[in-house]
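J.: Sequence first, then the predicted structure:
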Amino acid sequence: MKFLICLFVCVSVTNGDLYLHNPRGSNNRLNEQSANRNNANRMFDSQNNNRGGYNFGDSSNNPSNNENQQYRMEYFMSGPYMKYVDEDGVPTGEGQSLLNIEWTNQHGCGGDEDSDPHKTNCMLIMQYMCQDDDAAGENVEIRNGQNTNTQQHTRIQNLNENQNQANNRRNNDVQANRGLQEPWEWYDKCYNRERNMGLFTADQNLRTDNGNGYSSAIYTRQNPQGTQRGYECPEERDYYPYWHPTPWRDVAVLVQNVSECSTLQGASYNVQPYYECVEFYNNARTQRKHWSRYNNQADCEANDGDWLPFTAYLETAPTYTTESQCNAANNRNDGATYVWGRPEGGLDLQCLVAVPAPDCLQAPWSRDNHLGNTRTGENAQYTMTLPFFPSGNFKRCAFRMRYNITTDDYDPANTDASHNQNYQTGRVSPIQNNPNVDIGADSVPLRLAVNTAQFGRVFQDRSHVFKIAPRPDREGIESAKIVNLNVRGKRGNIVQVYPAIEYDFVPTRLTIDEGDMIHIQWTGSNTHNNGNPAGDGQAGDAGEGRGGTDRNNIVQIADALDNYPLPFDMTSMWQNANVIWMHTQDSSETQLPDIAAVDLAVSMASAGYYQCMSAATCGGQSAQNKNKINNLLDNAPASYKGALLQISTGEYHYMCTRNNNFTNRSQKGMLVVKETNNAKKK
């Protein structure tokens, strides 16, 4: 445990907000019409400004009244991409589904410490969690919720409670109309487990009693009073990699010093089983508790617990019922890796679909005190390969990103609990709150602005709920590369939306190979009014069309310098497109959609309000028969499920008619499709 403590302190992570722009980060917003969020503690501890974030998406042109009317972005999962490798065993990229992650972080990051030093040390950590979309029960279903209240938690009143009493606490606490990502059991486990006493807490006074006579994992240097934010565990939030099993799966770790990568990848829960203490409600030891007080093997076993390893997984593989069957499944070359292990929250060993090790790369460079572009002139970004689920089941997921920053004012790799302030022994912490320092000016002290709860700090943002869907049933589609083309931003001018951003396409400039597929899709809200309270910023929602509404569409233009769309008969983007799947289809349908170029163009231009041009093709959903669309898209849906396309080689430019306001903003994109020798045709 000593080595682990040193590692965690090293990356324990001053004020530097983090905001996700694609997928859209909530910053704990839901559907507020104000510029400020209602509840900073709704789902998680962001440490960000109250103005940041985006509302969940609406499916129609009106605000959602219930969870079913919310729009969840739906990305196609990767195919079995791990089986498509070159002669060195390296994946070729075939079968991948790629999602562009974009964000801004305020206090800088990136740059090699030796050749390109920065003012801070940083680390960016990307993770996701998923469950089957039909997971039953309000106690476990990942959801955005319908109000901005925090889920309840009632602490245990009797450490010897039985299983029925524990279930009653959970059932009374969890509310179906409130947001949920981590389950109730995760927070209750954290509340009841002793905190890691080896961590550096400086001169912060952490609470010593959680109500049951001891200090638990809800108390940290950044959260010394144990404030509840959703069902997030404060100790797990503040440290990476965590030393117990977690519900999160690692995507990527972006660092300043890539020499750390092998250590961080090897310590990821994706590939390294972690232990926790398992206790039981009954003497037969068949009914396991979801929590234990004990956080180490010695105390666990001394109190009749079992110290057991748990394995991270994408999903279970119930077809393989024995360890030998599970191991043999790895010879099938189906693009998945199988491992025999114990899933988090379970007890029995079973066959699991393994999670690949996370990427580890140098973090993109950004300057401090600036929520803006990197040296490339674009937002910081990372391309995520979406997972492949062998079951083919729809998944309901959430994405989170953490931004850890420290300085060199103390040695984080060698600073632990032995350096904590202790008045009884006379030990002084290497950093203290607002210290007075003597600079030799006749003993005149000057005070520094230091908050030891934030000297070494973690910021966070999370997405709203999204789905990962099986690929459409098409010949050869499992090996196709799918690239997602989305929209970022919300209604308002740059001052009104800050620290969110204005509309643009993501990626703004997209280059793909011939044969690759593009999934065009976006989401928007009908309640982005940015009204008061607006905190320390400007209220207002300057823009076109009905107040508070996000609307987007795509029309082709001749060149990036143009601001007028081409007439349909002069366009090439839609005529050169093979439609693999359309939002009017179920992904299980095997027949290719028969979509004419003009119908695709009118669907994209109307954000799906029209499905086609002629009544002979789609009846009442046609431009010929349906009520006329508002010229500013007010009666069009805020979100668009879109289409999966293959587009011929060439260079294409496009824009949004509503938001491309030349004096204020430019919402334009460019697609380049390169010719290759091995293009995958429809």
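T.: Sure thing, it's come through. Note that the structure is a prediction, hence the values are computed from the model and not measured.
J.: quick one: secondary structure of the residue lying closest to residue 24 once chain neighbours are set aside?
T.: Of all residues not flanking residue 24 in the chain, residue 54 sits nearest, at 4.0 Å (Cβ to Cβ, 6 or more residues apart in numbering). C-betas here are computed from N, CA, C, even on glycine. Using DSSP: H, G, I helix; E, B strand; the rest coil, the structure places residue 54 in coil.
J.: any idea how far residue 644 lies from residue 386?
T.: 14 Å (Cβ to Cβ, to the nearest Å).
J.: Compare the two and say which is more crowded by neighbours.
T.: More neighbours surround residue 644 than the other of residue 644 and residue 386, with 25 against 21 (other Cβ atoms under 10 Å).
J.: what about the nearest residue to residue 66 once chain neighbours are set aside, how many residues close to it?
T.: Leaving out its chain neighbours, the residue that sits closest to residue 66 by Cβ to Cβ, 6+ apart is residue 146, at 6.4 Å. Using other Cβ under 10 Å, the number of residues around residue 146 comes to 19.
J.: and residue 146, that's in a strand?
T.: No. Per three-state DSSP, residue 146 lies outside any strand segment and is coil.
J.: where does the stretch 51-200 of the chain dip in pLDDT?
T.: Across the stretch 51-200 of the chain, nothing is flagged by pLDDT under 70.
J.: I figured residue 461 hits residue 102, correct?
T.: No. Counting by Cβ atoms under 8 Å, residue 461 stays clear of residue 102, with 11.4 Å between them.
J.: More neighbours: those two, which one.
T.: residue 461 (30 against 23).
J.: Tell me the confidence at the more buried one?
T.: pLDDT recorded at residue 461 is 98.
J.: Likewise for residue 618?
T.: 95.
J.: circling back: the residue nearest to residue 66 against residue 67, yeah?
T.: Yes. At 6.2 Å, residue 146 counts as touching residue 67 under the criterion of Cβ under 8 Å.
J.: what's the nearest residue to the residue most central in space within the chain if we skip its chain neighbours?
T.: The chain has residue 399 as the residue nearest its centroid, 1.9 Å off, counting by Cα atoms, centre = their mean. Of all residues not flanking residue 399 in the chain, residue 463 sits nearest, at 4.2 Å (Cβ to Cβ, 6+ apart).
J.: count of neighbours near that neighbour?
T.: Neighbour number of residue 463 under other Cβ under 10 Å is 24.
J.: can you check the one 5 residues further on too?
T.: Using other Cβ under 10 Å, residue 468 is surrounded by 24 other residues.
J.: try residue 261
T.: 18.
J.: try residue 23
T.: Neighbours around residue 23, by other Cβ under 10 Å: 28.
J.: now the one 10 residues further on
T.: The local packing of residue 33 (other Cβ under 10 Å) involves 17 other residues.
J.: What of residue 96?
T.: Using other Cβ under 10 Å, residue 96 has 24 neighbouring residues.
J.: Give me the distance between it and residue 19.
T.: From residue 96 across to residue 19, the span is 26 Å (Cβ to Cβ).
J.: what's the span of stretch 436-447, first residue to last?
T.: One end of stretch 436-447 to the other measures 4 Å (Cα to Cα, to the nearest Å).
J.: ok, residue 107 touching residue 121?
T.: No. In this structure, residue 107 is not within contact of residue 121 by Cβ under 8 Å, at 10.8 Å.
J.: anything in contact with each of the two?
T.: residue 405 (Cβ atoms under 8 Å, 6 or more residues apart in numbering).
J.: which SSE is the residue nearest to the centre of the chain in?
T.: Using DSSP states H and E, residue 399 sits in strand 395-406.
J.: so what secondary structure elements neighbour that strand?
T.: strand 18-22, strand 97-105, strand 107-109, strand 121-132, strand 457-462, strand 466-469 (3 or more Cβ pairs under 8 Å, 6 or more residues apart in numbering; DSSP states H and E).
J.: if you set the cut-off to 6 Å instead, what comes out?
T.: The contact analysis (3 or more Cβ pairs under 6 Å, 6 or more residues apart in numbering; DSSP states H and E) places strand 395-406 against strand 121-132, strand 457-462, strand 466-469.
J.: tell me the contacts of the residue nearest to residue 399?
T.: The contact partners of residue 463, by Cβ atoms under 6 Å, 6 or more residues apart in numbering, come to 23, 398, 399.
J.: my guess is the last one contacts residue 129, does it?
T.: No. Shown here, residue 399 and residue 129 do not form a contact pair, counting by Cβ atoms under 6 Å, at 8.4 Å.
J.: Wait, residue 344 touches residue 310, no?
T.: Yes. In this structure, residue 344 is within contact of residue 310 by Cβ under 6 Å, at 4.9 Å.
J.: intersection of neighbour lists for the two?
T.: Joint contacts of residue 344 and residue 310 (Cβ under 6 Å, 6+ apart) are residue 245.
J.: Show me where the stretch 251-400 of the chain has its helices.
T.: For the stretch 251-400 of the chain, the helices defined by DSSP state H, counting those that start in this stretch occupy 261-267, 297-302, 323-328.
J.: can you pull the buried residues of the longest one?
T.: Residues of helix 261-267 classed as buried: 261, 264, 265, 267 (neighbour count, 16 or more other Cβ atoms under 10 Å).
J.: and if you look at stretch 609-621?
T.: By 16+ other Cβ under 10 Å, the buried positions in stretch 609-621 come out as 609, 610, 611, 612, 613, 617, 618, 621.
J.: With stretch 637-657 instead?
T.: 637-647, 652-657.
J.: again with stretch 91-100
T.: Buried residues in stretch 91-100, counting neighbours by 16+ other Cβ under 10 Å, are found at 91, 94, 95, 96, 97, 98, 99, 100.
J.: Just give me the closest of the residues you listed to residue 187.
T.: Nearest to residue 187 out of the buried residues of stretch 91-100 is residue 99 (Cβ to Cβ; 28.4 Å).
J.: could you measure the closest one against residue 468, distance?
T.: Distance from residue 99 to residue 468, by Cβ to Cβ: 10 Å.
J.: do residue 204 as well
T.: 40 Å.
J.: do the same with residue 496
T.: Here the criterion is Cβ to Cβ. By it, residue 496 lies 33 Å from residue 468.
J.: Residue 311 too?
T.: Counting by Cβ to Cβ - residue 311 and residue 468 are separated by 21 Å.
J.: again, but for residue 53
T.: Using Cβ to Cβ, we find residue 53 at a distance of 22 Å from residue 468.
J.: got a list of what the spatially closest residue to residue 133 that is not a sequence neighbour touches?
T.: Once flanking residues are discounted, residue 133 sits nearest to residue 394: 3.9 Å by Cβ to Cβ, 6+ apart. By Cβ under 6 Å, 6+ apart, the contact set of residue 394 is 133, 467, 469.
J.: Can you flag the buried ones in the residues you listed?
T.: Taking 16+ other Cβ under 10 Å as the criterion, what is buried in the contacts of residue 394 is 133, 467, 469.
J.: how far away is the last one from residue 329?
T.: Going back to what we said before, that points to residue 469. 24 Å.
J.: what's in contact with stretch 249-261?
T.: By Cβ under 6 Å, 6+ apart, stretch 249-261 touches 113, 123-128, 264, 268, 270, 355, 358-363, 382, 384.
J.: do that again at 7 Å, thanks
T.: 110-113, 118, 121-129, 264, 268-270, 312, 355, 358-363, 382, 384 (Cβ atoms under 7 Å, 6 or more residues apart in numbering).
J.: Could you tell me which residues within it count as buried?
T.: So for stretch 249-261, counting by 16+ other Cβ under 10 Å, buried means 249, 250, 251, 252, 253, 254, 255, 256, 260, 261.
J.: what mean pLDDT does it have?
T.: Over the span of stretch 249-261, the pLDDT mean works out to 95.
J.: Straight-line length of it, end to end?
T.: Across its full length, stretch 249-261 reaches 17 Å between end residues, using Cα to Cα.
J.: same question, stretch 107-116
T.: End-to-end distance for stretch 107-116: 16 Å, by Cα to Cα.
J.: In it, which residues are buried?
T.: 107, 108, 109, 110, 111.
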